[in-house]
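S.K.: need a structure here:
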Amino acid sequence: MPKDKKTKHVLVLEAAREEFQKYGFEKASMRRIGDRAGMTAAGLYRHCKDKEDLFRELVAPAVERLQDWLDGHISRNVQALESGTVDLWKDSQIDMMREIVYPNREEYRLLLTKSQGTKYENFLHDLVEQHQRELLKFLPRIRESGYLVQEIDPKELHLLLSAYTTALFEPVIHDYSEEEALRSLEIVEKFFLPGWKNLLGC
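M.R.: As a prediction, the model looks like this:
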C-alpha cells in the first residue's frame, strides 16, 4: 500500500473506531465515518468493502490475539500432561485476562459491547462453547493421569463456564480502570478457583 494511502487508511480506521464506539455497529454511519476521516463516501469505499469490513479490521487483531493465547494454552497443557508435570492453575484464563485482555481493554470493549449486527455479536457465548469443547476432550486425559475429576453434565459445565467467563469480562464490558479490573480479577480468582479445583480433583 502506498505511503499516502496507508496514512489515509489509518485515519479511516480511527474515524471508524470513534464512530463504532459512540454508536455501535448497527447505528454507525458510513457517511459520518467519511466525514470524520475527511473524505467522500467514494473515497471511503476505496479503503473498505463495507461497514462490517471496517469493524472486522478493527476487532480481528483482538480476536486473533485471544485465539493464539488459547491455542497455546491447550498445547502447553497437553505437553505438560504427557510429561507428567501438568499444573492446571499455572496457566489459566486468569493469566489470559491479565496478559492479553486487560492491557487492551478498549479493543475488547469494542468487540464485546458494540458488535451487535456482526458475526462477533455472540463472541462471549462462542468463547464459552469453544472452552467447553476443549475441556470435555481434556477431562478424560486428566482423569487417566490420576486426577479425581468429578463427572459433570455438559449443560452444567456450560453453566459454570458461562458464569466464570462472564465474570472475567465484566470489567471490560463496564469499562473499569486497569486497577479496578485487576482487583476484580483477584476476587474472581478467589471465588472460582476453589470450585474448579474441587471439580477437577486437584
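S.K.: Could you use CA atoms for every contact and neighbour count after this?
M.R.: Will do.
S.K.: Could you check how far the worst-scoring helix or strand of the chain on mean pLDDT is from the centre of its chain?
M.R.: Scoring the helices and strands of the chain by mean pLDDT, DSSP states H and E places helix 41-44 at the bottom, with a mean of 80. Remark: helix 41-44 is offset 31 Å from the chain centroid, using Cα atoms, centre = their mean, to the nearest Å.
S.K.: Can you give me the buried ones in the next helix or strand after that helix?
M.R.: Scanning forward in sequence from helix 41-44 by DSSP states H and E, the next helix or strand is helix 51-83. Applying a neighbour-count criterion of 16 or more other Cα atoms under 10 Å, one finds 51-52, 54-56, 58-59, 62-63, 66, 69-70, 74, 77-78, 81 buried in helix 51-83.
S.K.: now do stretch 103-110
M.R.: In stretch 103-110, counting by 16+ other Cα under 10 Å, buried: 105-110.
S.K.: So which residues make contact with it?
M.R.: Here stretch 103-110 makes contact (Cα atoms under 8 Å, 6 or more residues apart in numbering) with 20-21, 58-59, 62, 101, 172-173, 175, 178.
S.K.: Does T165 touch V128 like I think?
M.R.: Yes: using Cα atoms under 8 Å, T165 is in contact with V128, at 7.0 Å.
S.K.: If you count surrounding residues, which of the two has more?
M.R.: V128 (21 against 18; other Cα atoms under 10 Å).
S.K.: Can you select the buried ones from the contacts of stretch 103-110 in ChimeraX?
M.R.: In ChimeraX, a selection of the buried entries from the contacts of stretch 103-110 looks like this (16+ other Cα under 10 Å):
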select :20,21,58,59,62,101,172,173,178
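S.K.: quick one: which of the contacts of stretch 103-110 sit in helices?
M.R.: 20-21, 58-59, 62, 172-173, 178 (DSSP state H).
S.K.: if we can go back for a sec, which residues are contacting the least confident helix or strand of the chain?
M.R.: If you take Cα under 8 Å, 6+ apart as the criterion, helix 41-44 is touched by 12, 30-31, 34.
S.K.: Repeat the analysis, applying 7 Å as the threshold.
M.R.: Contacts to helix 41-44, defined as Cα atoms under 7 Å, 6 or more residues apart in numbering, come from residues 31, 34.
S.K.: which parts of it are buried?
M.R.: Across helix 41-44, burial judged by 16+ other Cα under 10 Å covers L44.
S.K.: what's the helix or strand for L185?
M.R.: Take DSSP H and E as the rule and L185 turns out to sit in helix 178-200.
S.K.: list the buried ones in that helix?
M.R.: Here helix 178-200 shows 178, 181-182, 184-185, 188, 200 as buried, counting by 16+ other Cα under 10 Å.
S.K.: same for it, what does it pack against?
M.R.: helix 154-173 (3 or more Cα pairs under 7 Å, 6 or more residues apart in numbering; DSSP states H and E).
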